[in-house]
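[1] Need the 3D shape of this:
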Amino acid sequence: MKIKVSELSGAALDWVVAQACKTPVWIADSWLVNGIEVPTLKVRENEYWSPSTNWSQAGKFIHDHQIEFLAQEDDNHAMHASLSAWRRHGLSHRTRWASGETHLIAACRSIVFTFFGETVEVPQELAP
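    From the prediction side, this is the model:
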């Protein structure tokens with residue numbers, strides 16, 4: 001299913017980040033949250049994959065791509081992120097600013113947007 005990067009969240013966003021970072025993940029199981037079944041991803045048998053909410057997982061690619069952040073109060077307190085390392089290596093045509101409710105969501109969306117463009121394919125079971 002095709003989804004706009006600006007609308008990606010949760011397991012769908014985490015799955016596409018894994019594709020961009022060449023991290024093998026699989027759809028593990030689901031949790032019931034407020035009566036809604038939410039799928040989860042695993043990177044190892046005993047480790048869930050959720051860089052959009054887990055600083056210890058997102059930290060490596062934030063560091064590697066030297067993601068920079070910008071917050072603007074007049075923008076509903078949204079966080080914006082961009083891959084500054086790419087711009088320094090002459091790839092500014094490939095990197096874009098992406099927004100999110102948190103630093104991690106903005107960082108994840110900026111990686112996905114830079115690697116894959118404005119829309120991405122996600123497995124049906126991860127689609128919102």
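
[2] counting contacts, what elements does the strand or helix carrying Ile111 pack onto?
    Using DSSP states H and E, Ile111 sits in helix 103-116. With contacts taken as 3 or more Cβ pairs under 8 Å, 6 or more residues apart in numbering; DSSP states H and E, helix 103-116 sits against helix 10-20, helix 55-64, strand 67-71, strand 79-83, strand 98-100. C-betas here are computed from N, CA, C, even on glycine.

[3] Out of these, name the one with the poorest average pLDDT.
    The minimum mean pLDDT among these belongs to strand 79-83 (a mean of 81).

[4] quick check: angle from it to strand 67-71?
    Angle, strand 79-83 to strand 67-71, by axes from the mean of the first three to the mean of the last three Cα atoms, to 10 degrees: 160 degrees.

[5] Output stretch 120-128 in PDB with nothing but the alpha carbons.
    What follows is stretch 120-128, C-alpha atoms only, in PDB (Å, rounded to 0.1, in the frame of the first residue of the first chain):
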ATOM      1  CA  VAL A 120       6.500   4.700   0.000                       C
ATOM      2  CA  GLU A 121       5.100   1.100  -0.100                       C
ATOM      3  CA  VAL A 122       4.300  -0.600   3.200                       C
ATOM      4  CA  PRO A 123       2.900  -4.000   3.800                       C
ATOM      5  CA  GLN A 124      -0.900  -4.000   4.100                       C
ATOM      6  CA  GLU A 125      -0.800  -5.300   7.700                       C
ATOM      7  CA  LEU A 126       1.200  -2.200   8.700                       C
ATOM      8  CA  ALA A 127      -1.000   0.400   6.900                       C
ATOM      9  CA  PRO A 128      -2.800   2.800   9.200                       C
END
